[in-house]
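Chemist: all I have is the shape, not the residue letters:
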């Protein structure tokens with residue numbers, strides 16, 4: 001019996017690797033592929049269960065697809081299989097983004113500018129499209145419109161890495177008072193196992209204290225990414241403005257051009273959008289040489305993915321009872337509205353430097369048309385942009 005389970009776990013990890021190499025796009029695209037391979041083909045989990053897990057992960061901070069597939073591994077084989085699932089799932093994307101960062105380091109500035117001439121506005125278009133796609137799905141009331149606009153204005157006027165969690169929490173709190181509009185559900189006592197919550201909190205506090213004491217760059221980077229991974233409600237599209245504000249606007253570890261190049265490249269990388277952290281982490285430590293960039297990539301990747309994993313392990317045990325509380329369900333409206341506004345603000349901030357560039361404007365418009373019509377796959381759009389930047393002087 002134990003040997004049969006081990007064989008099943010190996011097959012499952014093989015399926016995870018195949019998904020990690022072939023899943024392009026965001027959580028919605030990933031979910032379709034998860035359903036096809038993990039449900040229809042091998043029946044690791046039912047369709048209803050995977051849809052419920054996806055819904056839960058959308059509520060939590062962190063990478064939605066990563067948390068979903070890690071939670072499936074947890075249900076199949078406990079924490080050990082879950083952590084192996086996490087590693088296999090994130091490895092291809094983070095490796096590719098690390099190699100991209102190493103390439104950026106050794107490319108001359110003029111060459112990078114030419115190569116990414118079309119990629120940078122494409123990156124802006126991807127964020128605009130994300131804001132629109134999210135907004136169409138979640139902005140349905142006057143309250144959500146108001147909260148979205150407030151969050152967008154606040155994030156644009158005060159581009160601080162702390163504005164995002166503040167507005168997400170305020171948005172959730174504001175709509176939680178609309179609990180009366182939610183259907184009543186029969187509730188059971190909630191039994192909470194706190195171990196993973198304390199693990200999440202303990203790692204966070206330890207990294208903050210250790211970073212302050214040592215002032216060591218890798219330790220501080222781990223804390224930065226761990227904090228962002230703990231506060232990125234809304235998936236990779238919310239993580240991008242968080243990282244942009246902190247590492248470009250405030251710490252100047254990357255230029256805006258480099259960051260936008262990373263945004264574009266991660267769209268053609270397989271696996272989670274959160275793998276952009278490997279790119280940002282590597283370039284944040286470029287002064288340490290190649291070994292430093294590799295270390296920065298590892299530190300950033302571990303830091304960004306761990307908190308979401310700890311939190312899904314914590315919440316999944318009592319989610320069935322927690323979601324029966326109307327205030328919890330009502331708060332999702334405000335959280336989603338604030339997330340949409342923050343994404344729109346990020347797009348506007350990134351667009352501002354290229355606002356009067358006709359080529360950039362036309363590139364953004366054309367990219368948005370292609371994304372909306374879905375006539376051309378995302379990775380093909382990016383390859384076209386790279387090709388044009390290479391051949392057009």
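Modeler: Arrived safely. Only a predicted model underlies this, so the values are computations on that prediction, with no experimental measurement involved.
Chemist: quickly list the domain ranges of this structure.
Modeler: Here the domain assignment for the chain is 2-89, 92-391, based on automatic domain parsing.
Chemist: would you turn the ones you listed into TSV with mean neighbour count and mean pLDDT?
Modeler: Backbone N, C-alpha and C define where each C-beta goes, glycine included. Formatted as TSV, these follow (neighbours: other CB atoms under 10 Å; pLDDT from 0 to 100):
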stretch	mean neighbour count	mean pLDDT
domain 2-89	18	81
domain 92-391	20	82
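Chemist: setting the sequence-adjacent residues aside, check what's closest to residue 49.
Modeler: With CB to CB, 6 or more residues apart in numbering as the criterion, residue 49 has its nearest non-adjacent residue at 7.8 Å, and that residue is residue 75.
Chemist: just the element for the one you found, please.
Modeler: In this structure, residue 75 sits in helix 64-105 according to DSSP states H and E.
Chemist: which helices and strands does that helix pack with?
Modeler: When contacts are defined as 3 or more CB pairs under 8 Å, 6 or more residues apart in numbering; DSSP states H and E, helix 64-105 packs onto helix 2-22, helix 27-34, helix 47-59, helix 256-268, helix 276-284, helix 289-315.
Chemist: would TSV of the ones you listed with distance to residue 131 be doable?
Modeler: Listed next are the helices and strands packed on helix 64-105 as TSV, based on distance: least, CB to CB, whole Å:
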stretch	distance to residue 131
helix 2-22	27
helix 27-34	15
helix 47-59	16
helix 256-268	14
helix 276-284	17
helix 289-315	21
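Chemist: to residue 126, which of these lies closest?
Modeler: Smallest distance to residue 126 across those (CB to CB): 5.7 Å, for helix 256-268.
Chemist: where do the helices sit along the stretch 101-250 of the chain?
Modeler: In order along the chain, the stretch 101-250 of the chain carries the following helices (DSSP state H, counting those that start in this stretch): 109-115, 119-138, 142-157, 163-176, 195-214, 217-231, 236-243.
Chemist: tabulate those in JSON lines, adding columns for distance to residue 299.
Modeler: What follows is the helices of the stretch 101-250 of the chain, written out as JSON lines (distance: least, CB to CB, whole Å):
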{"stretch": "helix 109-115", "distance to residue 299": "24"}
{"stretch": "helix 119-138", "distance to residue 299": "24"}
{"stretch": "helix 142-157", "distance to residue 299": "27"}
{"stretch": "helix 163-176", "distance to residue 299": "22"}
{"stretch": "helix 195-214", "distance to residue 299": "10"}
{"stretch": "helix 217-231", "distance to residue 299": "5"}
{"stretch": "helix 236-243", "distance to residue 299": "14"}
